[in-house]
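> Sharing a model that was predicted from the sequence below.
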Amino acid sequence: MVFLENKINIHLTILLYAVLLLISSCAYQEKSFEESDNDEKLRKASIIAQKIVEEQIGTCDFDGFDYVGEETMVKNRFKVIQKFESYGLEYAYRIYIQYKGGDWEDINNWSYGQLTIEDVLTGEQQFFHGTMKKEELQTFTRKISGIDCKLETKGTGAVRVYTESKLSEEQIKSVISNICKEYDTMYFATNSNDVEYCSWFNNKIYDHDANQIKTYTP
């Protein structure tokens, strides 16, 4: 009977450890990116940022250097700054990085805008440009107030309006009136020149060429 009792106790002990191990593994299961808190999201963004830096300049040592940063006004877009060492020299990087969804550890599920790497000793900077800005642009044509326009949007309430030639003030107001319910910020440029000659936001028209500001509430 004693032997049977001991055997049962051993089996119960093994079963108990198995249950505790299962509970422990579930408790420590890493949360998805969207379930993570802000600090954890920033940590994950910094890990991807380090991979991007190494893709550009080779092996780096980030150990012993704390990262700083924050989520920007755009959801799941982060600014990350960190010092590091590479081939015996000390550098610092600054990057804007966007999480696009899916497995956060897959670098292909991220994009970045501008990456700046600075030599801490000399202050010399290197600039690298990712595909983040290009990926978020949407371009389409549309006739507005009888004017052929090419619209370039970023999905953030802003739009750039391209036309063959500069629009008159009345034409600009007409375009604004027609699409102000869709966009709260507008920039005007010609197809042949990417430089904006006019913009509208906060109910004001900014004439960049004439250096004038006029109030206009459509």
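That came through fine. Numbers count the residues shown, from 1 in each chain.
> Next, Tyr47: phi, psi?
Actually, residue 47 is Ile. It isn't Tyr. Torsion angles at Ile47 (phi, psi; degrees, to the nearest 10) stand at phi -60, psi -40.
> Could you report the distance from it to His129?
As judged by Cβ to Cβ, to the nearest Å, Ile47 and His129 stand 21 Å apart. All C-beta spots, glycine's among them, are computed from the backbone N, C-alpha and C.
> Neighbour count: the two, which is higher?
Neighbours were counted for Ile47 and for His129 using other Cβ atoms under 10 Å; Ile47 has more, 15 against 11.
> What's the separation between the more buried one and Ile81?
Distance, Ile47 to Ile81, by Cβ to Cβ: 14 Å.
> Phe33 contacts Asp106, correct?
No - with contacts counted by Cβ atoms under 8 Å, Phe33 stays clear of Asp106, the gap being 10.9 Å.
> quick one, which of the two is more surrounded?
Taking other Cβ under 10 Å, Phe33 and Asp106 do not tie; Phe33 has more neighbours (18 against 10).
> Show the contacting residues for the more buried one.
Taking Cβ atoms under 8 Å, 6 or more residues apart in numbering, we find Phe33 in contact with 41, 44, 76, 99, 104.
> now it, what's its secondary structure?
coil (DSSP: H, G, I helix; E, B strand; the rest coil).
> Which pLDDT value goes with it?
On pLDDT, Phe33 comes in at 82.
> From Tyr96, how far off is it?
17 Å.
> Report the beta-bridge partner residues of the closest residue to Gly69 other than its chain neighbours.
Nearest residue to Gly69, sequence neighbours excluded (Cβ to Cβ, 6 or more residues apart in numbering): Val80, at 4.0 Å. Using DSSP bridges, the beta-bridge partners of Val80 come out as Gly69, Ile95.
> correct me, but Met148 touches Thr141?
Met isn't right for residue 148; it's Asp. Yes - between Asp148 and Thr141 there is a contact at 6.9 Å, judged by Cβ under 8 Å.
> Gly80 is in contact with Ile52, isn't it?
Quick fix: residue 80 reads Val, not Gly. No - the criterion here is Cβ under 8 Å, and Val80 misses it with Ile52 at 9.7 Å.
> These two - which one has more neighbours?
Comparing Val80 with Ile52 by other Cβ under 10 Å, the one with more neighbours is Val80, at 25 against 19.
> one step back: show me which of Asp148 and Thr141 is the more surrounded one.
Asp148 (12 against 9).
> Please identify which helix or strand holds that one.
Element membership for Asp148 (DSSP states H and E) is strand 147-153.
> list the helices and strands the very next helix or strand once past that strand packs on?
Using DSSP H and E, the helix or strand that follows strand 147-153 in sequence is strand 158-163. Judged by 3 or more Cβ pairs under 8 Å, 6 or more residues apart in numbering; DSSP states H and E, the packing partners of strand 158-163 are strand 147-153, strand 185-190.
> Mean pLDDT and distance to Ser199 for those - can I get that in TSV?
Formatted as TSV, those follow (pLDDT from 0 to 100; distance: least, Cβ to Cβ, whole Å):
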stretch	mean pLDDT	distance to Ser199
strand 147-153	92	14
strand 185-190	94	5
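> Quick check: which of these is buried the most?
Sort the helices and strands packed on strand 158-163 by mean neighbour count, taking mean count of other Cβ atoms under 10 Å, and strand 185-190 sits at the top with a mean of 20.
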